[in-house]
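Peer 1: Model the structure of this input:
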Amino acid sequence: MGKRGPRPTPTNVRLLRGDRRDRVNTDEPMPADGLPECPDDASPEVREVWDYTVDQLAAMGTATPADRDALRAYCEAVVTHRKACALLAKSGILIRSAKGGALVRNPVVQVQRDAAATLRGFAQEFGLTPSARSEIRMARETGRGRSADRLLS
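Peer 2: Residues are numbered from 1 along each chain as shown. Prediction:
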């Protein structure tokens with residue numbers, strides 16, 4: 001059975017919110033500095049979403065190379081959602097069934113919904129939604145370090 005309750009808040013977010021320092025995990029692993037690189041096999045559509053999203057994450061100071069695979073999943077979900085939206089715009093929410101010609105829900109609706117749920121989850125993780133950003137308070141500093149010791153100083 002998995003862990004119960006809400007997931008723990010990342011250390012840097014807890015510190016930015018003003019949590020007491022004695023309640024912070026100073027042994028938390030810290031990812032390397034820098035930006036994640038887009039995988040070479042990404043489609044042009046995914047690369048476009050990647051570039052835009054990494055720029056946004058870099059501006060917020062939240063992108064790290066450790067986020068590469070989760071970021072790719074987010075970008076793929078955005079592309080899938082866009083394609084599903086385009087298909088729905090052409091064919092509509094209801095289509096005629098092969099048997100009998102009755103109106104049925106377009107299967108693309110489920111693809112669109114699944115992609116939206118996936119991208120919403122990753123967007124929340126990356127702080128790409130208004131509600132996720134409202135929970136983070138960041139001190140505007142230059143030369144921020146990424147180690148736990150630097151977060152605590």
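
Peer 1: switch to C-alpha atoms for all contacts and neighbour counts from now on
Peer 2: Noted.

Peer 1: how about I95, secondary structure?
Peer 2: Taking DSSP: H, G, I helix; E, B strand; the rest coil as the rule, one finds I95 in the strand state.

Peer 1: wait, doesn't it sit right on V108?
Peer 2: No. Because the distance of 10.3 Å does not satisfy C-alpha atoms under 8 Å, I95 is recorded as not touching V108.

Peer 1: quick one, which of those two is more surrounded?
Peer 2: Just comparing I95 and V108: by other C-alpha atoms under 10 Å the higher neighbour count belongs to V108, 20 against 14.

Peer 1: residues contacting the more buried one?
Peer 2: With contact taken as C-alpha atoms under 8 Å, 6 or more residues apart in numbering, V108 is in contact with A84, L87, L88.

Peer 1: Return the member of these nearest to T9.
Peer 2: Closest approach between the contacts of V108 and T9, by C-alpha to C-alpha: A84, at 33.1 Å.

Peer 1: how many other residues sit next to the closest one?
Peer 2: If you count neighbours by other C-alpha under 10 Å, A84 ends up with 19.

Peer 1: Not counting its neighbours along the chain, what's nearest it?
Peer 2: Spatial nearest neighbour of A84, chain neighbours left out: Q112 (5.2 Å); criterion: C-alpha to C-alpha, 6 or more residues apart in numbering.

Peer 1: continuing past the helix or strand harbouring that neighbour, what's the next helix or strand?
Peer 2: Element membership of Q112, judged by DSSP states H and E, is helix 108-126. On the C-terminal side of helix 108-126, the closest following helix or strand by DSSP H and E is helix 130-134.

Peer 1: Nearest residue to V24 in space, please, no chain neighbours.
Peer 2: The spatial neighbour of V24 that comes closest, neighbours along the chain excluded (C-alpha to C-alpha, 6+ apart), is T11 at 6.4 Å.

Peer 1: so how far is A115 from that neighbour?
Peer 2: Counting by C-alpha to C-alpha, to the nearest Å, the gap from T11 to A115 is 29 Å.

Peer 1: And V24, by the same measure?
Peer 2: Taking C-alpha to C-alpha as the criterion, V24 is separated from A115 by 35 Å.

Peer 1: In terms of neighbours, single out the busier of these two.
Peer 2: Applying other C-alpha under 10 Å to V24 and A115 shows that A115 carries more neighbours, namely 21 against 16.
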